[in-house]
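> Okay, here's the prediction I keep looking at, along with the sequence it came from:
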Amino acid sequence: MTSSNWTQYTIKDFMDKGEVDLQTGPFGTQLHASDYVDTGTPMINARNIGFGEIRTEKLEYLSEDTVKRLSSHLLHTNDLVFGRKGTVERHVLILPEQDGWFQGTDCLRIRFKSKSINPRFVSYTFLTDYHKQWMINQSSHGATMTSLNQEIISRIPLNLPDIQLQNKIAAILSAYDDLIENNTRRIKIIEEMAQAIYREWFVDFRFPGHEGVRMVESELGLVPEGWEKKKISDVANLFRGRSYGSDNLVEAGGLPFLNLKCLVRDGGFRSSGIKRYQGPYKETQTATEGDIVIAVTDMTQERRIVAHAARIPRMEEPLSVLSMDLVKIVPKEGIYSEYLYGLIRYSPFADEIKQHANGVNVLHLNPDRIGEYEFHIAPKELRQSYSEKIGSYQEMCDILQLKNTNLRRTRDLLLPKLISGEIDVSGLDIQIPSTL
């Protein structure tokens, strides 16, 4: 079967047959400040919608009573959700683990009821460049912010093969996504183990042999005897990244350019935010595997990024240039980078330092504040023991991250060829998972 045997539809074709249900999120007047809780049913807003997946940062939660009152807005597995403002080219596919989450006020939901449509196949078609551009073109109309409505959704074109081929294509592509997700889970577990060890040894002081060490009073509270008070500037040097303009950022060529978007809120690194930089730079404004960077600029008033640290993982290109929004922390002789990263990432460091950031629309942190942070340093033997253990963890994470990079690249190459029918898999014997 080739794409010439596929059939062109619109979403409205299935709506007319009662096989698609469209729903806009609840009116803002239906939700009140008292409906939001710290823990409860997660609600997906436009800001949580990525390209096929949910961005869990800044999720909001609703109370049980609110969910019952507005139960028609509960999401089910295989629903597709769009943001109505500014993110129209994005969507999210609701997976079983998100079944029962809530549709936000600024979202539109598609629910397929037809047995001739595989929602995951449709989700993959929505990841193609053609679809993204179509959505932007249809939703712009000269406005400053793209806006989406049910009428535009109903006109979305769908080029569909028979359901058996949809299932095969979805199975091939989802196999890559499943591997990526499994690796991501493993990385998360490893990072949680590293954090738990740091906190147990250096925050709770339950390190190997702690039973034989006396606790003594200090300016910072009770600490093990023999632990010296230090500042970050005593154990590390700080280097600010490179200032830049739009003419320095390029689509291809140059070097990877690490910026605020490379930092996960509350700490950690993500490669999806990397840009390309072409222009002059100093050696001190570059980063390589294992380097520690800290955000000194923040556009979130909640201070979710400023003062939070990331470790540069192993990447395909060994050298990157740092944005001036980042500061590189280089350990001095005798200080292990794994220990220093744990201190900056897992101790109260960020919570204390970010309070010194100031500004109106954009927060700025004076790098000198980082160097002034005081702590009690553990003996060298204990730092070394921790660093050796955590070094092996970081190695595992780097390997898994690189695997994910290769998996994403392969999937992204295959996706448009499979979705268009350029690669014919109709004759392949592919096992279809029950989840598809």
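Yep, that arrived.
> For the longest helix along the chain, what is the distance to the chain centroid?
Ranked by residue count, the top helix of the chain under DSSP state H comes out as helix 380-419. Here the centre of helix 380-419 is set off from its chain's centre by 15 Å, with Cα atoms, centre = their mean, to the nearest Å.
> Could you list every helix and strand in contact with that helix?
Packing partners of helix 380-419 (3 or more Cβ pairs under 8 Å, 6 or more residues apart in numbering; DSSP states H and E): helix 119-125, helix 163-198, helix 337-346. Every residue, glycine included, has its C-beta placed from N, CA and C.
> Of these, which is nearest K282?
Taking Cβ to Cβ, helix 337-346 is the member of these nearest to K282, at 20.6 Å.
> Now the closest one: buried residues?
For helix 337-346, the neighbour count (16 or more other Cβ atoms under 10 Å) marks S337, E338, Y339, L340, Y341, G342, L343, I344, R345, Y346 as buried.
> What mean pLDDT does that helix get?
Summarised as a single mean, pLDDT over helix 337-346 is 96.
> And for stretch 296-303?
81.
> Now do the end-to-end distance for it.
Using Cα to Cα, to the nearest Å, the span of stretch 296-303 from its first residue to its last is 10 Å.
> chain center to it: distance?
17 Å.
> Can you mark which positions in it are buried?
For stretch 296-303, by 16+ other Cβ under 10 Å, it's V296, T297, D298, R303.
> mind listing what the second one touches?
Applying Cβ atoms under 8 Å, 6 or more residues apart in numbering to T297 gives the contacts L260, I305, V306, M324, D325, V362, L363, H364, L365.
> Now do T184 against T435, distance only.
T184 sits 18 Å away from T435, going by Cβ to Cβ, to the nearest Å.
> try I344
40 Å.
> which residues of the stretch 1-150 of the chain score low on pLDDT?
Across the stretch 1-150 of the chain, residues meeting the criterion (pLDDT under 70) sit at 1-4, 141-145.
> Mind jotting down where the strands sit in it?
With DSSP state E, counting those that start in this stretch as the criterion, the stretch 1-150 of the chain has strands at 7-10, 20-24, 36-37, 41-44, 51-52, 60-62, 80-83, 91-93, 102-103, 107-112.
> Could you tell me the angle between the second one and strand 107-112?
Going back to what we said before, that points to strand 20-24. 170 degrees (axes from the mean of the first three to the mean of the last three Cα atoms, to 10 degrees).
> contacting residues for the nearest residue to G50 once chain neighbours are set aside?
Leaving out its chain neighbours, the residue that sits closest to G50 by Cβ to Cβ, 6 or more residues apart in numbering is R90, at 6.1 Å. Residues near R90 by Cβ under 8 Å, 6+ apart: I49, G50, F51, F82, G83.
> Is it correct that the fourth one is in contact with G50?
The one in question is F82. No - when contacts are counted by Cβ atoms under 8 Å, F82 is not listed as touching G50 (11.8 Å).
> Thank you kindly, that will do.
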